[in-house]
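what would the 3D arrangement of this be:
(chains A and B)
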Amino acid sequence: AQTVTQSQPEMSVQEAETVTLSCTYDTSESDYYLFWYKQPPSRQMILVIRQEAYKQQNATENRFSVNFQKAAKSFSLKISDSQLGDAAMYFCAYRSANGNMLTFGGGTRLMVKP
Amino acid sequence: KAGVTQTPRYLIKTRGQQVTLSCSPISGHRSVSWYQQTPGQGLQFLFEYFSETQRNKGNFPGRFSGRQFSNSRSEMNVSTLELGDSALYLCASSSGLRLAKNIQYFGAGTRLSVL
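Numbers count the residues shown, from 1 in each chain, chains lettered A, B, ... in the order given. Next up, the predicted model:
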C-alpha cells in the first residue's frame, strides 16, 4: 500500500516571501501521479498543481511549483510571493496510474503573516 | 459549469441512527469518490462509484455503503451511527478515466456530528 507523509504540521511565511512544503511518499509502482490540494476554511479542496511521475520536468502553475525527486520519493511544493489568500491546509496526494483513489498525507497548515 | 454539490452541508444525528448524504458531480463526470476527513485519521478513502458500479472500496465497516444513480448522482449511507463517525465527508467528481488528465474535483463537504 502507498503512504504519503507530510512532516510539517504547520508552517508560516511572511507575505510576499517564499515557502516550501515537504512531502514524501512510499510506493513500489513506477507510474503514478502526485497532487497538491489546498483546503481553505471554506473546506472545499482545490487542486493546486499535479505532476506525472513519468515526466522529469517539474510542474509549475503561476506562483506554485514543485520539486519532484522520483528516486528520493520526494514531492515538495514551493509557493512564491506568498499572499494572504494562500493561508490554508495543504495536502499532498498520490494516485496510482491504474486507479482513481487518492492517498493523502496528513496536511500542513500554512499561515501567512501580513 | 456547475461544480460538485453536496447536501446537506451540516447534519446532527444521535448514536444508532442512520444518515444519507448526497453528491451531485460535475456534468459529464461518471465517477464519484467519497472520503472521510477527521482530525485524528486525516483523509481516508471510502469508496468510488463509476457508471453505477462500485469500482473500489476503502477499509471501512459495512455500515458505510453507497450507490450511484444513472445520472451519476451518488448517495452515501451510514447505518447505526457511532460517535466516531463524526467527520467531514467529502465527495469528489471526475471523468473516471485512468489518464493523466483525470482530476478529482471536490465538493464543500457535509459536516456530520453524531451526539
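
run through the residues of chain B sitting next to chain A.
Among all residues of chain B, those adjacent to chain A (criterion: Cβ under 8 Å from any Cβ of the partner chain) are B:31, B:33, B:35, B:42-43, B:45, B:48, B:50, B:55-56, B:58, B:88, B:90, B:92, B:94, B:96, B:98, B:100, B:102-109, B:111. To be clear about C-beta, it is placed using only N, CA and C from the backbone, and glycine gets the same treatment.

any of those residues buried? List them.
For these, a burial check counting by 16 or more other Cβ atoms under 10 Å in any protein chain shown picks out B:31, B:33, B:35, B:42-43, B:45, B:48, B:50, B:55, B:88, B:90, B:92, B:94, B:96, B:104-109, B:111.

those in helices, which ones?
Counting by DSSP state H, no part of these is found in helices.

inside strands: which ones of the residues you listed?
Among these, the members found in strands (DSSP state E) are B:31, B:33, B:35, B:42-43, B:45, B:48, B:50, B:55, B:88, B:90, B:92, B:94, B:105-106, B:111.

out of those residues, flag the one nearest to B:Y10.
B:Y10 has its nearest neighbour among these in B:R111, at 5.0 Å by Cβ to Cβ.

for the closest one, list each beta-bridge partner.
As for beta bridges, B:R111 partners with B:Y10, B:L88 under DSSP bridges.

which residue, other than its chain neighbours, is closest to the most centrally placed residue in chain B?
When chain B is reduced to its mean C-alpha position, the nearest residue by Cα atoms, centre = their mean turns out to be B:W34, at 3.0 Å. With Cβ to Cβ, 6 or more residues apart in numbering or on different chains as the criterion, B:W34 has its nearest non-adjacent residue at 4.1 Å, and that residue is B:L46.

give me every residue that touches the residue nearest to the centre of chain B.
Applying Cβ atoms under 8 Å, 6 or more residues apart in numbering or on different chains, we find B:W34 in contact with B:C23, B:F45, B:L46, B:F47, B:E48, B:G66, B:S74, B:M76, B:Y89, B:L90, B:C91, B:A92.

got a pLDDT number for the first one?
By that I understand B:C23. As summarised for this prediction, B:C23 has a pLDDT of 98.

next one: the third one
Among the per-residue scores, B:L46 shows a pLDDT of 97.

what's the neighbour count on it?
Other residues within reach of B:L46 by the criterion other Cβ atoms under 10 Å in any protein chain shown amount to 22.

does it touch B:P61 like I think?
No. B:L46 lies out of contact with B:P61 (Cβ atoms under 8 Å); the separation is 10.8 Å.

how far away is A:P40 from B:N77?
A:P40 sits 29 Å away from B:N77, taking Cβ to Cβ, to the nearest Å as the criterion.

how far away is the most centrally placed residue in chain A from chain B?
Per Cα atoms, centre = their mean, the C-alpha nearest to the average position across chain A is that of A:W36, at 3.3 Å. As judged by Cβ to the nearest Cβ, to the nearest Å, A:W36 and chain B stand 12 Å apart.

how about A:T108?
When Cβ to the nearest Cβ is the yardstick, A:T108 and chain B sit 12 Å from each other.

so what's that residue up against?
Contact partners of A:T108, counting by Cβ under 8 Å, 6+ apart, are A:Q6, A:Q8, A:P9, A:E10, A:M11, A:L21, A:S22, A:M89, A:Y90, A:F91.

let's go with 6 Å and repeat that
With contacts defined as Cβ atoms under 6 Å, 6 or more residues apart in numbering or on different chains, A:T108 is in contact with A:Q6, A:Q8, A:M11, A:L21, A:Y90.
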